[in-house]
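Undergrad: Generate a structure from the sequence data that follows.
(one chain, ligands or ions: 1)
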Amino acid sequence: MTSLTPVITIDGPSGSGKGTVAGLLAQRLGWNLLDSGALYRLLAFAAGNHGVDLTNEEALKVLAAHLDVQFIAATDGKGQRIILEGEEVTDAIRNEQIGAGASMVASLSAVRDALLQRQRAFLDAPGLIADGRDMGTVVFPAAPLKIFLTASAEERARRRYLQLKGKVEGVSLPSLLDEIRARDERDMQRAVAPLKPAADAIQLDSTELSIEQVLEKILSEVASRDLAG
Ligand code: DC
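TA: The predicted structure is shown next:
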């Protein structure tokens, strides 16, 4: 890693499309990908496996420092497989229950500190796309391009519903909207590293935009900054 390796941060609330955009951007540019939300989800999942309470900051800090996790780029170039303690958990960490647990552990400062270096270690040539809540504000404050991606809560709930329908039993739009609002509130109001745009972030509202349109807007910023070499 060198300080010349470029990083593009993409922060925003859940369901804004940033995960999809970050993955596609990494693929287009041939850069590395950090899905930082997955680290918080993995910690919540591992806590369940090890019987650690989600409010036990000391035990969660130790667990976070020793998380045995591998991110493996999928052979079709789309997405990545996630292995925790030798077990594939790619899909298992994506449900709303783990999302809520992730949001709880993410509010603990000892946990965030324990995961900081692990996140920075993803920065490697030729570049990094970092997806999360505090990528531009805390983890990579010197990033040359910072995006803050939003969408209305209703639109985000609708997108989540379409993702989960048919995969998860009993999923309902009103309950997803409630969960999204509760998670936004927790992520934005927490004392440590709250979800907020960096002062120098470009704000994009994706409510009325397709993924492809969001991608094109970001790629034009990449080109205007000459980041992709
Ligand atoms: O992006 P996601 O839904 O996978 O994130 C899961 C939770 O982790 C989310 O509620 C907020 C938290 N998170 C965070 O606090 N900081 C990050 N950089 C990424 C995620």
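
Undergrad: Helices of this structure, start to end?
TA: Ranges of helices in the chain, per DSSP state H, are 18-29, 36-49, 57-65, 96-105, 109-120, 153-164, 173-189, 211-224.

Undergrad: Now do the fourth one and helix 153-164, the angle between them.
TA: Computed with axes from the mean of the first three to the mean of the last three C-alpha atoms, to 10 degrees, the direction of helix 96-105 lies at 130 degrees from that of helix 153-164.

Undergrad: Just the mean pLDDT for helix 96-105, thanks.
TA: For helix 96-105, mean pLDDT is 91.

Undergrad: wait, does that helix contact the ligand?
TA: Yes: residues of helix 96-105 contacting the ligand under C-beta under 6 Å from any ligand atom: 99, 102-103. No exception for glycine: its C-beta is placed from N, CA and C like everyone else's.

Undergrad: Most neighbours among the residues you listed, which one is it?
TA: In terms of neighbours by other C-beta atoms under 10 Å, the residues of helix 96-105 next to the ligand top out with Ser103 at 24 neighbours.

Undergrad: hang on, the earlier thing: can you lay out the helices of the chain as a markdown table showing distance to Pro6?
TA: Output for the helices of the chain, formatted as a markdown table (distance: least, C-beta to C-beta, whole Å):
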| stretch | distance to Pro6 |
| --- | --- |
| helix 18-29 | 9 |
| helix 36-49 | 17 |
| helix 57-65 | 27 |
| helix 96-105 | 28 |
| helix 109-120 | 14 |
| helix 153-164 | 28 |
| helix 173-189 | 26 |
| helix 211-224 | 9 |
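
Undergrad: which ones are touching the closest residue to Arg158 other than its chain neighbours?
TA: Leaving aside its sequence neighbours, Arg158 sits nearest to Leu173 (C-beta to C-beta, 6 or more residues apart in numbering; 7.0 Å). Contacts for Leu173 (C-beta atoms under 8 Å, 6 or more residues apart in numbering) come out as 157-158, 161.

Undergrad: before we move on, what about Gly79?
TA: 23, 90.
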